[in-house]
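**Student:** 3D model of this:
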Amino acid sequence: MLKLSDNPPMLPPRAASLLELPGPWWIAHTKARFEKAFAFDLLRREIGYFLPMGEHRKVSGGKRRRVLLPLFPSYVFFCGGQDARYAALATDRLCRVIDVVDQAGLVRDLRSLELALAGKAVLDPYPFAAIGHRCRVTEGPFEGLEGVLVQRLGPNRLVLQVTMLGQGAAMEIDAELLEPLEWPAQSHLKFCRK
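**Tutor:** Numbering: from 1, shown residues only. From the prediction side, this is the model:
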């Protein structure tokens, strides 16, 4: 288990944002628990990447420790041309590289995660596609973020999805800070019947 200071950065130090990284994006499907080692490999090869991680508390050896865990186990997002793709495969840490057809959609999804993490949001993995209403945060440090509002037992959660993976990361949020981006058909019917 790595100390917080021994983890790879979520982005290469030369980039202030993932928007600054050149080239098409790829999704690396790593071997189990190889995300951080792969990120270090990309860092050494000067290949741009994004490894979103959340801080968690674990008990190890009878001590409470703070650790960074990837929000998407076995996935790292990286960018560059075919040379970068080949260099990534040559690390021998990958199962496969997934081609990204909708580059703009992936960048939009990753940018939402980047902004949430920069705003110190506590994100938890949401390992399946979210079903709910699409909303936008209207004020506060996360203003402009878009996601899917899911309500389970307990507080409201906004899921920031990575559509290509069918997964996301969820954060607790007050429903008063959200505006719907689309009106569900059923609620429209209710208003018409009155």
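**Student:** the most centrally placed residue in the chain in helix, strand or coil?
**Tutor:** The geometric centre of the chain, computed from its C-alpha atoms, lies nearest to Leu113 (C-alpha atoms, centre = their mean), at 4.7 Å. Secondary structure, DSSP: H, G, I helix; E, B strand; the rest coil: Leu113 is helix.
**Student:** what sits against the residue lying closest to it once chain neighbours are set aside?
**Tutor:** Taking C-beta to C-beta, 6 or more residues apart in numbering, and ignoring the residues beside it in sequence, Leu113 has Pro52 as its nearest neighbour in space, at 4.8 Å. No exception for glycine: its C-beta is placed from N, CA and C like everyone else's. With contact taken as C-beta atoms under 8 Å, 6 or more residues apart in numbering, Pro52 is in contact with Met10, Pro70, Leu71, Phe72, Leu110, Leu113, Glu114, Leu117, Leu123, Ala169.
**Student:** for the helix or strand that contains Leu158, which strands pair with it and how are they oriented?
**Tutor:** Per DSSP states H and E, Leu158 falls inside strand 156-162. Strand 156-162 sits in its sheet next to strand 146-151 (antiparallel), strand 167-172 (antiparallel), going by DSSP bridges.
**Student:** let me see the mean pLDDT of it.
**Tutor:** What strand 156-162 shows for mean pLDDT is 95.
**Student:** chain center to that strand: distance?
**Tutor:** Relative to the centre of its chain, strand 156-162 is centred 10 Å away, using C-alpha atoms, centre = their mean, to the nearest Å.
**Student:** list the contacts of that strand.
**Tutor:** Outside of strand 156-162, the residues that reach it under the criterion C-beta under 8 Å, 6+ apart are 72, 106, 109-110, 112-113, 116, 123, 126, 129-130, 132, 135, 137, 145, 147-151, 167-175, 178.
**Student:** quick one: buried ones out of these?
**Tutor:** Neighbour counting with 16 or more other C-beta atoms under 10 Å marks 72, 106, 109-110, 112-113, 116, 123, 126, 130, 132, 135, 137, 145, 147-150, 167-171, 173, 178 as buried within the contacts of strand 156-162.
**Student:** and Arg57, helix, strand or coil?
**Tutor:** Assigned state for Arg57: strand (three-state reduction, three-state DSSP).
**Student:** list the contacts of it.
**Tutor:** Contacts here follow C-beta under 8 Å, 6+ apart; on that basis Arg57 touches Arg64, Arg65, Arg66, Val67.
**Student:** can you redo those residues as CSV with distance to Ala39 and secondary structure?
**Tutor:** Listed next are the contacts of Arg57 as CSV, based on distance: C-beta to C-beta, whole Å; DSSP: H, G, I helix; E, B strand; the rest coil:
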residue, distance to Ala39, secondary structure
Arg64, 25, strand
Arg65, 20, strand
Arg66, 19, strand
Val67, 15, strand
